[in-house]
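K.L.:
Return atomic coordinates for the entry below.
(chains A and B)
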Protein chains: 2
Amino acid sequence: MVQKPTKNRNGLLLGPDPGDARLSQEVDGLDQDGKAVRTRVVTEKPLTLYLNRQEIITMMTIGDYPDLLAIGYLLNQNMLRADDDVVDVEYDDELDVVVVRTGRETDYEDKLQKKVRTSGCAQGTVFGDVMEGFDTISLNPDALLKTSWLYALTKAINTAPSLYLEAGAIHGCVLCQKDRPLVYMEDVGRHNAVDKIAGWMFMNNVEPHDKIFYTTGRLTSEMVIKTAMMGIPILVSRSGFTAWGVDLARRVGLTLIGRARGKRFVALSGQDRIVFDTDPEIVADEETRHFRKGGSKR
Amino acid sequence: MVQKPTKNRNGLLLGPDPGDARLSQEVDGLDQDGKAVRTRVVTEKPLTLYLNRQEIITMMTIGDYPDLLAIGYLLNQNMLRADDDVVDVEYDDELDVVVVRTGRETDYEDKLQKKVRTSGCAQGTVFGDVMEGFDTISLNPDALLKTSWLYALTKAINTAPSLYLEAGAIHGCVLCQKDRPLVYMEDVGRHNAVDKIAGWMFMNNVEPHDKIFYTTGRLTSEMVIKTAMMGIPILVSRSGFTAWGVDLARRVGLTLIGRARGKRFVALSGQDRIVFDTDPEIVADEETRHFRKGGSKR
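P.N.:
Purely as a prediction, here's the structure:
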């Protein structure tokens, strides 16, 4: 049931599978000329997560890697601890249910109650919990981001086969090391794509301190908090910033780079990690097909 | 405290106020050349909503029109009924709290409990509640969308002064009638922009059956459900579709148009409401600065 990691997809350890018939479907419609067109749209379906005996949430997701999404979500909600033993992850693709079983007895009734007080949108839901311990985070001060890596990464990510290029309307997050994309996850919910990468890092004991996190989504408070909680010192987006996202990145010393499109980018936090080793003028601008989320020139 | 409607902003009854210092701020950083730059980023802050004595949620919002956001959120959660008498809306911009008082006694403890079972992301949170009654919705079969209106609307919306053009990283939703944008709301949360328009329609007793709803965001299940529940028969987006969004639109006969950029668009539901009265070839393509959310050519 659970989709197994596929190796060497464009050099990625794990990446999108645009050919997976479960992840998109063709639908018929009309174009601007009134002509019949058949086009591809991404899957969006509910996935209900249980931690041991407790129902936690229902997420709207594209439906790939439900095991990694489940584990990553629990980690980013502080419901799963780094030292927790995940005994089993069961996925039922007919009931759209995933069950995570841990060695430790868990009961998050209080946390779930608390969430009612603070939830309502993606940000709100995680907020009450995730800010706990935020100010104690220490991110690797020696991590570097060479601009040559940044340009190589954005080009590799934009041109990798993806559901976005097939069907649009989807967010992507990529775990990178130096100039190499390692794990590329897509989902209809940006927070799901982040959580799937967190789940992969946990299951594979991946060291965060030398990694770079790339997202197509905006650099909101939620994205900054999750990246910092994951221990990753550098966050890059092709989209823009919110003021609180910038404030939080500066509080914890996260390198925050936004509006990264073609040769352009803006760094608003942790600039000292950036090594400017490339003349931007030699970098080609993007094709307009890559002007997607936040694709304005500013 | 509560921002009052501003008339005649580019012919809009209500629209973005990029000049409002509370909605964005300047921050210093570095650009791709390592040169110091000062750039503008949008505000993102929590707003906690009370309905009478009960705390409902905390939303992350840009912070304008907290009264309309509060009322629209409650409407779209079925916590406020069309016939409810809103006695008072109090906003405290130091505590970031908004309190909606109704003539009717309200208690949504059960609904809030229920939310715990199904929430976790923006879509999930509204889902359990909002699907109630979805299949009983009847949308005006006689509503029309002339392509000349569509092209006029997208051009007017793209070129209207907005926080997006000032600072990026923000979603916009626009309530339109024929070729005229009436109310243009922006927010860091797309669902907030929708809710603010729902709140404005409620407070001004606005008839939905001849309106057109435009969003910069993707046509997910959440967006389709909210538009249909608001009684608006036509939904247009510059972004793409999810499969479930298309399914739900077809179930309720909502006209669903996506990837509307320049002369291009795709209609995947309710095509019979579209009047093709314009030759797309005479429509100018967008400047790349308008290639934002979902701005791929597909």
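K.L.:
low-scoring stretches of the stretch 101-250 of chain A, by residue?
P.N.:
Segments of the stretch 101-250 of chain A classed as low confidence (criterion: pLDDT under 70) are A:110-130.
K.L.:
For the residue nearest the centre of chain A, which residues are in contact?
P.N.:
Nearest to the geometric centre of chain A sits A:V194, at 2.5 Å (C-alpha atoms, centre = their mean). Contact analysis of A:V194 by C-beta atoms under 8 Å, 6 or more residues apart in numbering or on different chains lists A:G72, A:N76, A:C173, A:M185, A:T215, A:M223, A:K226, A:T227. For the C-beta atoms, the positions are set from N, CA and C on the backbone; glycine is no exception.
K.L.:
repeat that for 6 Å
P.N.:
Contacts for A:V194 (C-beta atoms under 6 Å, 6 or more residues apart in numbering or on different chains) come out as A:C173, A:K226.
K.L.:
Going by neighbour count, list what's buried in stretch A:87-104.
P.N.:
A:V89, A:Y91, A:D96, A:V97, A:V98, A:V99, A:V100, A:T102 (16 or more other C-beta atoms under 10 Å in any protein chain shown).
K.L.:
mind checking the SS state of the first one?
P.N.:
In three-state terms, and counting by DSSP: H, G, I helix; E, B strand; the rest coil, A:V89 is strand.
K.L.:
That one touches A:D67, doesn't it?
P.N.:
Yes - when contacts are counted by C-beta atoms under 6 Å, A:V89 is listed as touching A:D67 (4.3 Å).
K.L.:
host element of A:T154?
P.N.:
helix A:147-159 (DSSP states H and E).
K.L.:
who are the neighbours in contact with A:E286?
P.N.:
Contacts of A:E286 by C-beta under 6 Å, 6+ apart are A:R261, A:G262.
K.L.:
Tell me the secondary structure of it, please.
P.N.:
coil.
K.L.:
Show the model's pLDDT score for it.
P.N.:
In this prediction, A:E286 carries a pLDDT score of 71.
K.L.:
Spell out the residue ranges of the helices in the stretch 51-200 of chain A.
P.N.:
Applying DSSP state H, counting those that start in this stretch to the stretch 51-200 of chain A gives helices spanning A:66-76, A:109-118, A:122-130, A:147-159, A:163-167, A:190-203.
K.L.:
Output these as JSON lines; include the columns distance to B:D85.
P.N.:
Formatted as JSON lines, these follow (distance: least, C-beta to C-beta, whole Å):
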{"stretch": "helix A:66-76", "distance to B:D85": "40"}
{"stretch": "helix A:109-118", "distance to B:D85": "26"}
{"stretch": "helix A:122-130", "distance to B:D85": "28"}
{"stretch": "helix A:147-159", "distance to B:D85": "53"}
{"stretch": "helix A:163-167", "distance to B:D85": "45"}
{"stretch": "helix A:190-203", "distance to B:D85": "37"}
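K.L.:
follow-up on the earlier one: report the two of the buried residues of stretch A:87-104 separated the most.
P.N.:
A:D96 and A:T102 (21.4 Å; C-beta to C-beta).
K.L.:
residues near the residue nearest to A:E281 when sequence neighbours are not counted, how many?
P.N.:
With sequence-adjacent residues excluded and distances taken as C-beta to C-beta, 6 or more residues apart in numbering or on different chains, A:E281 is closest to A:K263, at 7.2 Å. As a burial measure, A:K263 scores 20 neighbours (other C-beta atoms under 10 Å in any protein chain shown).
K.L.:
And A:K263, how close does it get to B:G34?
P.N.:
Distance, A:K263 to B:G34, by C-beta to C-beta, to the nearest Å: 13 Å.
K.L.:
And A:S237, how far from B:K45?
P.N.:
20 Å.
K.L.:
who's more crowded, those two?
P.N.:
A:S237 (27 against 17).
K.L.:
so what does the helix or strand where A:L30 lies touch, helix or strand wise?
P.N.:
If you go by DSSP H and E, A:L30 is part of strand A:24-31. Counting by 3 or more C-beta pairs under 6 Å, 6 or more residues apart in numbering or on different chains; DSSP states H and E, the packing neighbours recorded for strand A:24-31 are strand A:36-42, strand B:264-269.
K.L.:
Which positions within the longest one qualify as buried?
P.N.:
Read that as strand A:36-42. A:T39, A:R40, A:V41, A:V42.
K.L.:
returning to what we had before: pairing partners for the strand holding A:L30, with directions?
P.N.:
Here strand A:24-31 is paired, per DSSP bridges, with strand A:36-42 (antiparallel), strand B:264-269 (antiparallel).
K.L.:
So A:D20 versus chain B, what's the distance?
P.N.:
Note on A:D20: its distance to chain B, by C-beta to the nearest C-beta, to the nearest Å, is 13 Å.
K.L.:
and what of A:T58?
P.N.:
Applying C-beta to the nearest C-beta to A:T58 and chain B gives a distance of 5 Å.
K.L.:
what's the burial count for that residue?
P.N.:
22.
K.L.:
pretty sure it is touching A:Y50, no?
P.N.:
No - A:T58 lies out of contact with A:Y50 (C-beta under 6 Å); the separation is 10.6 Å.
K.L.:
how about A:I170, what does it touch?
P.N.:
Contact partners of A:I170, counting by C-beta under 6 Å, 6+ apart, are A:V42, A:L163, A:Y164, A:E186, A:V188.
K.L.:
Excluding chain neighbours, what is closest to the third one?
P.N.:
If I follow you right, that is A:Y164. Closest to A:Y164 by C-beta to C-beta, 6+ apart is A:I170, at 5.1 Å.
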